[in-house]
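In: Please work out how this folds:
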Amino acid sequence: MPDIDTAIVLTGASRGLGAALARGLARPGVLLVTIARRPDAALQDHAQAQGCRLAQIAADLSDPQAAAGAAAQMTTLLPQGAARLRLINNAGALQPVGRVDALTDGRAIAATLSLNVAAAITLTAAFLQAAAGRPADCRVLNISSGAGRNTFPGWGVYCASKAALDMYTRVAADEYAAGGARFVSLAPGVIDTAMQADIRASDPAHFPALERFQAMHREGKLASPEAVAARLIDYLERDDFGATVVDDIRNY
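Out: Numbers count the residues shown, from 1 in each chain. Next up is the predicted model:
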């Protein structure tokens, strides 16, 4: 294995966009730390074949205690000599879907807010503390959504969580405006993932935009996870990363 030049932490690496990102990021000279509910044996084989060092942390980030534990474990894995440090907060959930007068399952609401917002905040804090004082180029990429910037009836919880992630990223960027780290909250577009399959299975009474998403699938308008992952990986290394704090990959 070559020396570690880049250390990357990626959440939600077990499926969809996260799985595609994990495979695209597995390169020589990289330490890739993934955080997901379960380890991925195939990713381990892929990383080894690519000359990438892989560490997998199993944690349910919708559980605040598990997220805190994963954050603590992650900090022990970041190598001192890496020139580049990256955190990609990708993990997210859509449910519960329903009109605002039907959102009564407090436990489900709290789990989504914990996963989509609180876990990203917890991991970012630990990541920044670990990076403090190092000369490394430090970047945090939060995977947001157009749903954080536009209303979708039925997605009150999801829209609220992504809007919160956008605003949190703006605050972080302001706090680090003098340097030390750069931040972006990036919408990845509409991707052909299991989440999209869940969307298409929604009850139209709770999600009025259902036909629009079904039509995009029928008409082949969903991007593949692999194609989007490749664009995100290129974006992560742009010289102007962080110049636009709340951004959309479809702008590039």
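In: Packing partners of the host helix or strand of G24?
Out: Taking DSSP states H and E as the definition, G24 sits inside helix 16-25. With contacts defined as 3 or more CB pairs under 8 Å, 6 or more residues apart in numbering; DSSP states H and E, helix 16-25 has these neighbours: strand 6-11, strand 30-36, helix 41-50, helix 225-236. For the C-beta atoms, the positions are set from N, CA and C on the backbone; glycine is no exception.
In: Any stretches of this structure with poor pLDDT?
Out: Along the chain, segments meeting pLDDT under 70 span 1-2, 192-201, 206, 209-211, 213, 215-222.
In: what's the spacing between the most centrally placed residue in it and A49?
Out: Centrality entry for the chain: nearest residue to the mean C-alpha point is N90, 1.1 Å, by CA atoms, centre = their mean. Per CB to CB, to the nearest Å, N90 is found 23 Å from A49.
In: re the thing from before, and the angle for the helix holding G24 with strand 30-36?
Out: Helix 16-25 runs at 160 degrees relative to strand 30-36, counting by axes from the mean of the first three to the mean of the last three CA atoms, to 10 degrees.
In: Alpha carbons of helix 16-25, in CSV - could you do that?
Out: The C-alpha trace of helix 16-25 is given here as CSV (Å, rounded to 0.1, in the frame of the first residue of the first chain):
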residue,chain,number,x,y,z
GLY,A,16,-27.1,4.0,-3.7
LEU,A,17,-25.0,7.1,-4.2
GLY,A,18,-22.9,6.3,-1.1
ALA,A,19,-21.9,2.9,-2.4
ALA,A,20,-21.0,4.5,-5.8
LEU,A,21,-19.0,7.2,-4.0
ALA,A,22,-17.1,4.6,-1.9
ARG,A,23,-16.0,2.7,-5.0
GLY,A,24,-15.0,5.8,-6.9
LEU,A,25,-13.0,7.2,-3.9
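In: Can you check what angle separates that helix from helix 225-236?
Out: Per the same axes, to 10 degrees, the angle that helix 16-25 makes with helix 225-236 is 60 degrees.
In: starting at the chain centroid, how far to helix 16-25?
Out: Counting by CA atoms, centre = their mean, to the nearest Å, helix 16-25 is centred 10 Å from the centre of its parent chain.
In: State the distance from the residue nearest to the centre of the chain to Q214.
Out: Taking CB to CB as the measure, N90 falls 25 Å from Q214.
In: Equivalent analysis for G146, please.
Out: 17 Å.
In: mind pulling up the phi and psi values for T76?
Out: phi -70, psi -10 (degrees, to the nearest 10).
In: and it, how many neighbours?
Out: By other CB atoms under 10 Å, 8 other residues sit near T76.
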